[in-house]
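>>> Have a look; sequence and predicted model below, questions after that.
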Amino acid sequence: MSFPTHRLRRLRRNEALRGLVRETRLTTSGLIHPMFVCPGTKVRQEVGSMPGVYQQSVDQIVEECREVESLGIPGIILFGLPETKDPRGASSLGSAGVVQRAIEAIRKAKLKLLVITDVCLCEYTDHGHCGVIENGEVANDATVAILAQQALSHARAGADIVAPSDMMDGRVGAIRTALDSNGFAQVAIMAYSAKFASAFYGPFREAAESAPQFGDRRSYQMDPPNGDEAMREVALDLEEGADIVMVKPALPYLDLIWRVKHEFNAPVAAYNVSGEYSMIRAAGINGWIDEERATMEVLTSIKRAGADLILTYFAKDVARKL
Ligand SMILES: [Zn+2]
C-alpha cells in the first residue's frame, strides 16, 4: 500500500464521504443520565463545581425524567442525599429513603426509563466511607451484608438495575443471592468492577455530599497504575453474577475499557465522571475550548475504546445534538 496509488484523503473530502466510512458512531441508546435526589419538595440546587447538574427533590427528579425520556435516553442512575447520616448508613435501607421514593415516583409517572440505582454507603454514612468502620478500617464483610439489603430495597421499590460502586470484595455475589432469594431474579447488576481511587471524583463529592471525613478510599478503590488487577476484578464480578461490568473513570482508563471489551464477552459500561465533565464545562464556559466538539470527541473516544454504555453528565446535551 503506497502513495500515489493510495490517497487516504480521498474519503475525507466532505462530510458525506466522511460519514460514509465513519467507524464509531455515538448513539443516544447507549447513554445513561446520572441524577442526585435529595429530600424536600421543589428543590433544584445547582452543584457549584458541576454547572448544569442539580441536586433535586423527588418531584423535580420526575420532571427531569420526563425530559430525559423525551430525548430518547434509555436510562438514569440515581444517587441519594439522605435526610440523616449515621456510622452504618441506615437511611439507605428503608422504603422511605430518598432513592426508594424517587424510584416509586418514576414508576408512578409511568415513564419507560430504565431506573438504575447506585448501591453504596458513602452518601449515607456520617464518616463518608463506602463501608462500615471497624477497628479504624472499612470492614468488608459487614459492609457487604448491608449493601445486599440496600440493593434489595431498591429492587422492591422498582429498580431495573442495581449498581454497586463500593469496591468491597464479594458484594456482587451477595447482592445476586439476596435478589434471587427474594423474587428479584430479573433485576440486573451493573458492577463498578474496575473503579479506581481517582482525583477525577472531586466534583461528585460535592454533588453527593460524600467526601470521606478521614483518610481516603485507597484501601478499597483500585490503585491507578494497575491494569492486570482490573481484569481480575472484572473476572470475579462476572463469576459472581454481574450482568454489566464498569470501568471508572473513563478517560484516564481507555486502555482498560479496551482490554475488558476484548478479554471478556460482556457488556461494558464506562463512567465519564464528574471531573471529566467539569474540566470540559469550565473550559467551555471560559471560552477556552469548543465545549460541544470536545464533548463529542471525548465520548466518541470512550465508545471507540469499547464501551457499550456510557454514564455521562453530558447525556442530555449529546442526545439533543444527535
Ligand atoms: Zn461509595
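Nice, I can see it. Numbers count the residues shown, from 1 in each chain.
>>> Near the ion, which residues of the stretch 101-250 of the chain are found?
Residues of the stretch 101-250 of the chain lying close to the ion (Cβ under 5 Å from the ion) are 120, 122, 130. Where you see a C-beta, it was placed from the backbone N, CA and C, and this is true even at glycine.
>>> and of these, the nearest to Thr84?
Cys122 (14.8 Å; Cβ to Cβ).
>>> and Ile289, which of the three is it?
coil (DSSP: H, G, I helix; E, B strand; the rest coil).
>>> dump the residue contacts of it.
With contact taken as Cβ atoms under 8 Å, 6 or more residues apart in numbering, Ile289 is in contact with 280, 283.
>>> Could you check how far it is from the ion?
From Ile289 over to the ion the distance is 30 Å, taken as Cβ to the ion, to the nearest Å.
>>> From Val298, how far out is that residue?
11 Å (Cβ to Cβ, to the nearest Å).
>>> do Thr117 as well
Applying Cβ to Cβ to Thr117 and Val298 gives a distance of 26 Å.
>>> more crowded one of those two?
Set side by side, Thr117 and Val298 show more neighbours around Thr117, with 29 against 21, by other Cβ atoms under 10 Å.
>>> Report the secondary structure state of Thr84.
coil.
>>> right, and it touches Ser91 too?
Yes. Counting by Cβ atoms under 8 Å, Thr84 touches Ser91, with 5.1 Å between them.
>>> So those two - more neighbours on which side?
Ser91 (19 against 9).
>>> did I read that right, that one in a helix?
Yes. Counting by three-state DSSP, Ser91 is found in a helix.
>>> neighbours around the closest residue to it other than its chain neighbours, how many?
Excluding its sequence neighbours, the residue lying closest to Ser91 (Cβ to Cβ, 6 or more residues apart in numbering) is Pro82, at 3.9 Å. By the measure other Cβ under 10 Å, the count of residues near Pro82 is 21.
>>> same question, the one 10 residues further on
The local packing of Ser92 (other Cβ under 10 Å) involves 27 other residues.
>>> what sits against it?
80, 82, 99, 121, 123-124, 146, 150, 153.
>>> how far out from the middle of the chain is stretch 274-287?
Offset of stretch 274-287 from its chain centre (Cα atoms, centre = their mean, to the nearest Å): 19 Å.
>>> which of the residues in it are buried?
274-282, 284 (16 or more other Cβ atoms under 10 Å).
>>> mind listing the helices for this structure?
15-20, 58-70, 98-108, 140-157, 171-180, 202-208, 228-240, 254-263, 274-285, 291-305, 315-321 (DSSP state H).
>>> Nearest to Ala199 among the contacts of Ser92?
Of those, the one sitting nearest to Ala199 (Cβ to Cβ) turns out to be Glu123, at 19.5 Å.
>>> Kind regards, and thank you for your time.
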